[in-house]
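**Q** would you be able to build a 3D model of this:
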Amino acid sequence: MNQLKLSLGPVLFYWQKETLLEFYTQMLDAPLDTIYIGEVVCSRRIQMRFNDWFQLAEDLASSGKEIILSSHVLLESELDLRRLRKLAEQGKFKLEANDMGAVKLARENGLPFVAGASLNIYSQATLDIFQQLGAYRWLTPAELSRDKVAAIAIRAKELGLETEIFAWGKIPLAYSSRCFTARHYNLNKDSCEYRCLDHEHGMTMNTREGQAFLTINGIQTMSYGCQSLLSHHQDMAAIGVDMLRLSPQLTDMSRIIELHRAVLDGQLDSRQAIEELKELSYGKLVDGYWHGQPGIEALQERPFEAGA
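**A** Sure thing, here's the model as predicted:
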């Protein structure tokens, strides 16, 4: 058994409001330490507005979990900025800052924040800056290898910051001012007809050879494969990682959380858990980035750690 905590990241896809609220109802009793909520990807996804997110945060907080409001990655209008100000000024829940505007407003309002992966912390010196600005936790960029995470985590411990790593789900890779989903349907971004609602786990993009390569999620590009770092949990704990982030998917999420918790608590061998997780994931399991290799490299092509 180790002391790694589990978090549930914000939902990165666009789901119907009723579907989203039902999903979080299921999460109330899940063995999680932290839940992140909020719209991160696209400002046109407005079925949930600020008051809805805040009420959801209060409902989830009744379970005793840490609840964090996540901000947009790309701010493109004054309306986006007004929404961000509401997040920073609400004063009750901490913030996941996903751009420098969110960092600035969190600091001005004395709100502790999590430095999101899109802030691109790739060195100890950068981590120092965000700690001085008010960060109490940082989420590692997905591309960081095990050795690079270990080097920065040492400094995080010295600064009293928690290190969180993206341990499950399709990997967020890039964001654009253009909407790839709208483009697929020959629509303009501003008249997209909310086609993302038709793709609860994004759209798979294939190579010309027909190989699944990426996932398109509105303005966001994601991996096709599902990152799974559970088999490395002992090593992550040893190098100073504090929390594993699981990215939501619509189906089987409760079971995915239970499997991770059982392995971390020493109640289940990671090999057994991985075999079941292969059946629950959308896309093959990958862990290439952890090894300093292309992220598309499949988990099953690598040996498990001894004693995992």
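**Q** all helices for the protein, in order.
**A** 17-27, 50-61, 78-89, 100-108, 124-133, 146-159, 180-184, 233-239, 253-264, 270-280 (DSSP state H).
**Q** and the ones you listed as CSV, adding mean pLDDT?
**A** CSV is the format used below for the helices of the chain (pLDDT from 0 to 100):
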stretch, mean pLDDT
helix 17-27, 97
helix 50-61, 97
helix 78-89, 94
helix 100-108, 97
helix 124-133, 98
helix 146-159, 97
helix 180-184, 93
helix 233-239, 96
helix 253-264, 98
helix 270-280, 96
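**Q** closest to Leu69 out of those helices?
**A** Closest approach to Leu69 among those (CB to CB): helix 78-89, 5.2 Å. The C-beta positions use only the backbone N, C-alpha and C, and glycine is treated the same way.
**Q** and the closest one, what's buried?
**A** Judged by neighbour count (16 or more other CB atoms under 10 Å), helix 78-89 contains these buried residues: Asp80, Arg83, Leu84, Arg85, Leu87, Ala88.
**Q** and if you look at stretch 217-235?
**A** Within stretch 217-235, the residues scored as buried using 16+ other CB under 10 Å are 217-234.
**Q** that older thread, would you list the helices of the chain in a markdown table and tack on distance to Gly288?
**A** Below are those laid out as a markdown table (distance: least, CB to CB, whole Å):
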| stretch | distance to Gly288 |
| --- | --- |
| helix 17-27 | 29 |
| helix 50-61 | 33 |
| helix 78-89 | 33 |
| helix 100-108 | 29 |
| helix 124-133 | 24 |
| helix 146-159 | 11 |
| helix 180-184 | 23 |
| helix 233-239 | 16 |
| helix 253-264 | 20 |
| helix 270-280 | 16 |
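**Q** any idea which of those helices gets closest to Cys196?
**A** Across those, closest to Cys196 is helix 180-184 (CB to CB), at 5.4 Å.
**Q** alpha carbons of that closest one, as PDB, please.
**A** The C-alpha atoms that make up helix 180-184 are tabulated as PDB, following Å, rounded to 0.1, in the frame of the first residue of the first chain:
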ATOM      1  CA  PHE A 180     -11.800  20.600 -35.800                       C
ATOM      2  CA  THR A 181     -15.200  19.000 -35.200                       C
ATOM      3  CA  ALA A 182     -17.000  21.800 -36.900                       C
ATOM      4  CA  ARG A 183     -14.600  21.600 -39.800                       C
ATOM      5  CA  HIS A 184     -15.300  17.900 -40.200                       C
END
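**Q** how far does it sit from the chain's center?
**A** A distance of 23 Å separates the centroid of the chain from that of helix 180-184, by CA atoms, centre = their mean, to the nearest Å.
**Q** one more: stretch 34-46?
**A** That offset, for stretch 34-46, works out to 11 Å (CA atoms, centre = their mean).
**Q** how about it: buried residues?
**A** Buried residues in stretch 34-46 (16+ other CB under 10 Å): Thr34, Ile35, Tyr36, Ile37, Gly38, Glu39, Val40, Val41, Cys42, Arg44, Arg45.
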